[in-house]
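Trainee: What follows is a predicted structure for the sequence shown.
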Amino acid sequence: MRHLLAANWKMHLYPGQARDLLYKLVKHWETYQWDTHQTIIFPPYIYLREAVELVRNSPLSIGAQNGYPGEFGAFTGEISMAQIAACGVRWVLVGHSERRQYFGEVSALLQEKLLDAQRRNLSVVYCIGETLPQRQRGETFAILRQQLVEVLSSGVDWTNLAIAYEPVWAIGTGVNATPAQAQEAHSFIRSVVAELGAPADSIPILYGGSLKPENAREIFQQPDVDGGLVGGASLDAASFIAIASALWG
Ligand code: PEP
């Protein structure tokens, strides 16, 4: 099933707020089916274990926003993919533009993270997207191709991968890609992953960037948009539920 929805809480929410929000989502997701309404919540690390317990027996799963390749080591402040997986977490984000932009994460490291995560039975949402100057210079497709080829060219388990197209200029700005811009990028991404040997029709390609209840339906109607990665609007239960309704009716 290609449809997938994800919530990236980033560095937001105090413990009580996180618990409260998750309770509300668990309650609502009781009305959804496991196989058709797959939804991933990416809370801050320190809430992961409690979140895993709270979503038990629900179609929600929990993901980590980041992870370091490997098991153990002298890497102060890092948390390994193996540790994340051992806590019952099912997913991890790799390549989010905030990691690329503020933490200098480059393709070689992202490839290491992605392959190590999959080796440890974590599924990956791999995020790609162009900046505004890159779009203005007409480089969008070249950048997307580069981000895909440099990280997904070998050893990938395509059955445990989703891709998120997140134009950097749309993240947290209130300016979303138009449905046509999203469709154009998603269809291009699908063609590139097919060239890389993926069963492209079964890879979920999510749109992310200022998704809101008001714009979600039209974006989700595009044939190559299989769901969404939601930042700001996922911090409010009613908004996230409205976006889920836009995806699933
Ligand atoms: C994101 O962080 O992945 C994101 C899409 O954020 P926002 O929805 O706030 O633009």
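Mentor: The structure has been received and is ready for your questions. Numbers count the residues shown, from 1 in each chain.
Trainee: Now whatever residue of the chain ends up closest to the ligand. Nearest residue, chain neighbours left out?
Mentor: Of the chain, the residue with the smallest distance to the ligand, taken as C-beta to the nearest ligand atom, is residue 231 at 2.1 Å. (Glycine included, C-beta is placed from N, CA and C.) For residue 231, ignoring the flanking residues on the chain, the nearest one in space by C-beta to C-beta, 6 or more residues apart in numbering is residue 8 at 5.0 Å.
Trainee: try residue 21
Mentor: Sequence neighbours aside, residue 237 is the residue nearest to residue 21 in space, at 5.7 Å (criterion: C-beta to C-beta, 6+ apart).
Trainee: shouldn't that neighbour be in contact with residue 22?
Mentor: No: counting by C-beta atoms under 8 Å, residue 237 sits too far from residue 22 to count as a contact (9.1 Å).
Trainee: ok, back up a step: and the residue nearest to residue 231, how many residues sit next to it?
Mentor: The tally of other residues near residue 8 (other C-beta atoms under 10 Å) stands at 26.
Trainee: Next: residue 219.
Mentor: Taking other C-beta under 10 Å as the neighbour definition, residue 219 ends up with a count of 26.
Trainee: I'd assumed residue 182 was in contact with it.
Mentor: Yes: under the criterion of C-beta under 8 Å, residue 219 makes contact with residue 182 at 5.4 Å.
Trainee: Please enumerate the shared neighbours of the two.
Mentor: Common contact partners of residue 219 and residue 182 (C-beta atoms under 8 Å, 6 or more residues apart in numbering): 207, 225.
Trainee: Okay, buried residues for stretch 176-190 please.
Mentor: For stretch 176-190, the neighbour count (16 or more other C-beta atoms under 10 Å) marks 176-177, 179, 181-186, 188-190 as buried.
Trainee: where does the residue of the chain closest to the ligand fall, phi/psi-wise?
Mentor: As for residue 231, its main-chain torsions (degrees, to the nearest 10) stand at phi -90, psi -100.
Trainee: Run the chain-centre distance for the lengthiest helix in the chain.
Mentor: Longest among the helix segments of the chain by residue count, using DSSP state H, is helix 179-195. Computed by C-alpha atoms, centre = their mean, to the nearest Å, the separation of helix 179-195 from the middle of its chain amounts to 16 Å.
Trainee: Same check on stretch 66-80?
Mentor: Going by C-alpha atoms, centre = their mean, where stretch 66-80 is centred and where its chain is centred differ by 20 Å.
Trainee: on that earlier part again, okay, residue 237 and residue 22: which has more neighbours?
Mentor: Using other C-beta under 10 Å, the more surrounded residue of residue 237 and residue 22 is residue 22, with 25 against 16.
Trainee: Need the pLDDT of the more buried one.
Mentor: Turning to residue 22, the model gives it a pLDDT of 98.
Trainee: and it, what does it touch?
Mentor: Neighbours of residue 22 in contact, by C-beta under 8 Å, 6+ apart: 41, 43, 51, 54-55.
Trainee: so of those, which ones are in strands?
Mentor: Cross-referencing the contacts of residue 22 against strands under DSSP state E gives residue 41.
Trainee: what residues does this structure put near the ligand?
Mentor: Within the chain, the positions near the ligand by C-beta under 6 Å from any ligand atom are 8, 166, 171-172, 208-211, 229-233.
Trainee: Let's have the residues you listed in JSON lines, adding distance to residue 75, pLDDT and secondary structure.
Mentor: JSON lines is the format used below for the residues of the chain next to the ligand (distance: C-beta to C-beta, whole Å; pLDDT from 0 to 100; DSSP: H, G, I helix; E, B strand; the rest coil):
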{"residue": "8", "distance to residue 75": "23", "pLDDT": "98", "secondary structure": "strand"}
{"residue": "166", "distance to residue 75": "27", "pLDDT": "98", "secondary structure": "coil"}
{"residue": "171", "distance to residue 75": "27", "pLDDT": "95", "secondary structure": "coil"}
{"residue": "172", "distance to residue 75": "28", "pLDDT": "91", "secondary structure": "coil"}
{"residue": "208", "distance to residue 75": "28", "pLDDT": "98", "secondary structure": "strand"}
{"residue": "209", "distance to residue 75": "31", "pLDDT": "97", "secondary structure": "coil"}
{"residue": "210", "distance to residue 75": "34", "pLDDT": "95", "secondary structure": "coil"}
{"residue": "211", "distance to residue 75": "33", "pLDDT": "98", "secondary structure": "coil"}
{"residue": "229", "distance to residue 75": "27", "pLDDT": "98", "secondary structure": "strand"}
{"residue": "230", "distance to residue 75": "30", "pLDDT": "98", "secondary structure": "strand"}
{"residue": "231", "distance to residue 75": "27", "pLDDT": "98", "secondary structure": "coil"}
{"residue": "232", "distance to residue 75": "30", "pLDDT": "97", "secondary structure": "helix"}
{"residue": "233", "distance to residue 75": "33", "pLDDT": "98", "secondary structure": "helix"}
